Each structure stands twice: as structure tokens, then as C-alpha cells.
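Colleague: Mind looking at a prediction? Sequence and model below.
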Amino acid sequence: MKAAAHGAAEIIIQSLMIIAFVIAAMAAIIREARANRAERRRLLDLQLLAARLGFEEFKPDRDEAFALGWGFLDRLAQGEDRYAFNILRGTYHDQRLFVFDYHYRTGTGKSRDEHYFTMLMLVVPEAFPQVTITAGGESVLAKVTAALGGRNDIKFESAEFSRNFHVRSRDKRFAYDVCNAQMIEYLLANRDLEVEIQGPVLSLAFAPQLSAGQIESNLQRLVEIRSRLPEYLFTNT
């Protein structure tokens, strides 16, 4: 009797383990299916966005060379396995730009993390010194810039702006030119923005990735940032 009861218990345990495995496998399949549907939906939305805005190109595939080419930017100089994907190229309000998703990896083993964000990048003919503008102390860009460059925060006459934003640059005069009264007013009204200017690039970065609708609205904010840069910066550089 005991042997039979023991055998029956083992069968029940094995059956429960099989059921649990099947449920876990089905849940994983469902999650993957949902993720695939979301990705397909995103690709379609980005294609429609590119068509609506008259962009010249949309490349969904991962592109390591693109990431390497713009790797002088602090935001694109992090971690390993760096690549851009869902790259849109075109003109918006007479400004040349790229919009793309970006991936990099940090850590190894169980501490390994995969990072994704969306970057909006306006390209100009000039070559500017680097300046980064980040809100608060928790920004990824703020931490990366400090780690890579060791640049101290630059203080401004606006105490509110200095309390709420970190501005870093080796060229203080350029930083003051960028953070003029109009720019300070705009940034205080848009405190989620992470701005990086370097070489021919003016960029905004957003994590997590932006939806197509969010990309369109933030393109307008990128143009607003550009419009607040003094025009003499584009004639005297």
C-alpha cells in the first residue's frame, strides 16, 4: 500500500511539473508573440511616419557602422555591442536629421543588461565644441559625460536653471552662448530633455524608446532647441 501510494504521489508530482513546464512555455510563447506583434506594429508606424514626413530613407536592420561613425558623441560611446536600427534619414523644417533606435550592453553574466533608447540627431555644417545639458542628477547622459570627460558643472545666473540642470563643456563661452535666456526658459519648461551638442550634431536622447507619435512631437522640440541657438554660432564657427 505504501509503495503504491508513494508511486501515485510521484506520478502526481511529475504531472504537476509537466503542467507547470507547459504553462511556462506557453506563457513565453505568448510573450514572444506579443513582442513580435508590437515590433511589427512599430516598424509599420515608423514606415508610415517616414512616408508622411517625406523622409528619404528608413532602414530597420541593425547597423554597427552607423553607430561607430557617430561614436564621438557621449551618448553613443557606452558599453559593448553597440548598434543603431530603425534608422530614419531626411529633412524636417529644412534641417537635416537622423532618427534611430540604439542598443548597447553593459555587464556580464547575471549582471548583464541590454539598453535601448531613441535618438534624434540634427546635423549642421558647423563643427561645435561639446556641451551636454541634462536635467537633475540621475540622467544616464550626465553620468556618462562625467565619467568620460570629468567636466565640472557650469553655473548660470538663473539659480533655478543651475539647480535643475547640469551643463558640462570644456568651452565655457560656448556653453554660455548655448544656454542663453531663451534656451534656459525653454529647457525649464521641458525638463525631460537631454541635449548633447558636439561637432556637427545637435541631439536629443530618450529612454525608453519613443513611439512613432512621440518621435514626431519630439522632432518639433529638436527644431525648437535649434531655433534658440544664436545665429552667430552658425556664421562665426
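Modeller: Looks like it came in fine.

Colleague: By mean pLDDT, flag the weakest helix or strand of this structure.
Modeller: Of all helical and strand segments in the chain, the minimum by mean pLDDT, DSSP states H and E falls on helix 140-149, at a mean of 51.

Colleague: Okay, helices next: where are they in this protein?
Modeller: Using DSSP state H, the helices of the chain run over 2-53, 64-69, 140-149, 159-164, 172-178, 181-188, 212-227.

Colleague: lowest-confidence stretch among those?
Modeller: Lowest mean pLDDT within these: helix 140-149, a mean of 51.

Colleague: and the top strand by length along the chain with helix 181-188, angle?
Modeller: In the chain, taking DSSP state E as the definition, the longest strand is strand 113-135. Strand 113-135 and helix 181-188 are oriented at 140 degrees to each other (axes from the mean of the first three to the mean of the last three Cα atoms, to 10 degrees).

Colleague: helices or strands next to strand 113-135 in the packing?
Modeller: In terms of contacts (3 or more Cβ pairs under 8 Å, 6 or more residues apart in numbering; DSSP states H and E), strand 113-135 is packed against strand 95-106, helix 140-149, strand 165-168, helix 172-178, strand 195-206, helix 212-227. C-beta coordinates here come from the backbone N, C-alpha and C atoms, glycine included.

Colleague: Just put those in a markdown table and tack on distance to residue 131.
Modeller: Converted to a markdown table, the helices and strands packed on strand 113-135 look like this (distance: least, Cβ to Cβ, whole Å):
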| stretch | distance to residue 131 |
| --- | --- |
| strand 95-106 | 19 |
| helix 140-149 | 10 |
| strand 165-168 | 7 |
| helix 172-178 | 5 |
| strand 195-206 | 5 |
| helix 212-227 | 12 |
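
Colleague: what's the closest of those to residue 55?
Modeller: Each of those has some distance to residue 55 by Cβ to Cβ; the shortest is strand 95-106, at 8.3 Å.

Colleague: what pLDDT, on average, does stretch 121-130 get?
Modeller: On average, stretch 121-130 scores 94.

Colleague: before we move on, the earlier item: right, and the helices and strands packed on strand 113-135 - which one's nearest residue 77?
Modeller: It is, among those and with distance given as Cβ to Cβ, helix 140-149, at 6.6 Å.

Colleague: Tell me which residue is most central in this protein.
Modeller: residue 117 (2.9 Å; Cα atoms, centre = their mean).

Colleague: From residue 184, how far out is the nearest residue to that one once chain neighbours are set aside?
Modeller: Among residues not flanking residue 117 along the chain, residue 207 sits closest, at 3.8 Å (Cβ to Cβ, 6 or more residues apart in numbering). Using Cβ to Cβ, to the nearest Å, we find residue 207 at a distance of 24 Å from residue 184.

Colleague: quick one, which of these two is more surrounded?
Modeller: The neighbour count for residue 207 versus residue 184, taken as other Cβ atoms under 10 Å, is higher for residue 184 (21 against 16).

Colleague: All good on my end, thank you.
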